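Undergrad: fold the following and give me the result.
(chains A, B, C and D)
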There are 2 protein chains.
Amino acid sequence: MRRSSVETKAVILAAARERFAADGYDKATIRAIAADARIDPAMVMRYFGTKEKLFAAAAEFDLELPDLAPEQAGAGLVRHFLRTWEADEGLQVLLRTGVTNEAAAERMRTIFGGQVMPLVIDLTGDPERAPLRASLVASQLLGLALSRYILKFPPMVAATEEELVAWLSPTVQRYLTGP
Amino acid sequence: MRRSSVETKAVILAAARERFAADGYDKATIRAIAADARIDPAMVMRYFGTKEKLFAAAAEFDLELPDLAPEQAGAGLVRHFLRTWEADEGLQVLLRTGVTNEAAAERMRTIFGGQVMPLVIDLTGDPERAPLRASLVASQLLGLALSRYILKFPPMVAATEEELVAWLSPTVQRYLTGP
DNA sequence: GTCTATAATTCGATAGAC
DNA sequence: GTCTATCGAATTATAGAC
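TA: Reported below is the predicted structural model:
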């Protein structure tokens, strides 16, 4: 099959995101990604140079936190996180990989520290404990993703979005603004 | 060097636990484990048969939940979990591996479902929502381990045991017995 | 109990024809 | 743009000498 340059690159990248999200960095081989994209493995190297660079492109991600009213910040964050997880594979790539890959772990720290912390400061006006608050929020949100989407605890998989929001919102709200 | 059979086996197992805990299943090679144990790679195969069986032995783990007074169950669980994590590498092995290995994920489900759920039923006398409650507890505890020991968010690393217990106890307590 | 040698795979990466 | 062929490295696993 003959495709345009941008088209081919996009197909490869989509397959790479799926594989990295499902298998992590090491088990997601270039050969498997190429097979998914119905393309020759050599093409992957041609377009992205190395596996490392392909991963960097696949792990591109932005939380894109919305503006949230102070008293609804907890619920808003949980809901936004759940929807982002299901809409964008980037987060899944980072979590599956960050566990055994220092570069991915570093990006996780940057994303949550860099994006949740300003929200906390904005909500509380207290820069002092903002880093810890942001990390506590991250711990619950990532624990949610871990148990629901990665480890697949049956009750977490079965729960509806609204159930999870109802259970987790008070937790996140307290980490954000509580004593 | 000449060692007894049980001694050699114990040395190998200790090295395996460290490697699996630090690198996950795939990156922890038999060669690296053997090098750590200052032993020939062939010896590892001799004692454990396959890498898979070696992993099964290294991932042996028990939460060993203590009896907890109802009103202190949250704080007790958080504290017990933190100490168990640091004393026994088994949990770390399972978390690092469960993210990309279905067998380890299954064991995680068994451990948390099987050991936290009875505690919930004992505390609440309500078997109906016990599975979800146990999973919520697991989500926060595993999120704690993830952010503090794996991804190493600086504020979580810097926090003392008592700080973490103070922040997380109300969360866990509510998941256990709250509305 | 310990080690050497090696079989059998698999992977990332490169060179080059078309 | 696409593919074949292949290199070099690394891995699990096995056979067998000492």
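
Undergrad: so which bits of the helix or strand encompassing A:Ala10 are buried?
TA: According to DSSP states H and E, A:Ala10 maps onto helix A:5-27. Buried residues in helix A:5-27, counted by 16 or more other C-beta atoms under 10 Å in any protein chain shown: A:8-9, A:11-13, A:15-21, A:23-27. Where C-beta positions appear, they are placed from N, C-alpha and C, glycine not excepted.

Undergrad: and what of stretch A:61-77?
TA: Within stretch A:61-77, judged by 16+ other C-beta under 10 Å, the buried ones are A:61, A:63, A:65, A:68, A:73-77.

Undergrad: how far away is the residue nearest the centre of chain A from B:Leu146?
TA: Nearest to the geometric centre of chain A sits A:Leu91, at 1.4 Å (C-alpha atoms, centre = their mean). Distance, A:Leu91 to B:Leu146, by C-beta to C-beta, to the nearest Å: 13 Å.

Undergrad: and A:Phe81, by the same measure?
TA: Applying C-beta to C-beta to A:Phe81 and B:Leu146 gives a distance of 15 Å.

Undergrad: what do you get for A:Pro155?
TA: Taking C-beta to C-beta, one finds A:Pro155 at 19 Å from B:Leu146.

Undergrad: neighbour-wise, which of these two wins?
TA: Between A:Pro155 and B:Leu146, B:Leu146 has the larger neighbour count (other C-beta atoms under 10 Å in any protein chain shown), namely 25 against 20.

Undergrad: and the nearest residue to the more buried one once chain neighbours are set aside, what element?
TA: Computed as C-beta to C-beta, 6 or more residues apart in numbering or on different chains, the closest residue to B:Leu146 that is not its neighbour in sequence is A:Leu142, at 5.5 Å. Taking DSSP H and E as the criterion, A:Leu142 maps to helix A:130-145.

Undergrad: helices or strands up against that helix?
TA: Counting contacts by 3 or more C-beta pairs under 8 Å, 6 or more residues apart in numbering or on different chains; DSSP states H and E, helix A:130-145 is packed against helix A:73-87, helix A:89-98, helix A:102-124, helix A:161-177, helix B:130-145, helix B:154-158, helix B:161-177.

Undergrad: go ahead and confirm A:Arg79 touches A:Glu163.
TA: No - A:Arg79 is beyond contact range of A:Glu163, at 11.8 Å (criterion: C-beta atoms under 8 Å).

Undergrad: dump stretch A:144-163 to CSV, restricted to CA.
TA: Output in CSV follows, covering the C-alpha atoms of stretch A:144-163 (Å, rounded to 0.1, in the frame of the first residue of the first chain):
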residue,chain,number,x,y,z
LEU,A,144,-7.9,5.0,41.0
ALA,A,145,-6.5,4.5,37.5
LEU,A,146,-4.3,1.7,38.8
SER,A,147,-7.0,-0.3,40.5
ARG,A,148,-9.7,0.3,37.8
TYR,A,149,-7.8,0.2,34.5
ILE,A,150,-4.5,-1.6,35.2
LEU,A,151,-5.1,-4.2,38.0
LYS,A,152,-8.8,-4.3,37.2
PHE,A,153,-10.2,-4.9,40.6
PRO,A,154,-13.7,-6.1,39.7
PRO,A,155,-15.7,-3.7,41.9
MET,A,156,-13.8,-0.7,40.5
VAL,A,157,-14.3,-1.9,37.0
ALA,A,158,-18.1,-2.3,37.6
ALA,A,159,-18.5,1.0,39.3
THR,A,160,-20.1,3.8,37.3
GLU,A,161,-18.5,7.2,36.8
GLU,A,162,-20.9,8.8,39.2
GLU,A,163,-20.3,6.2,41.9
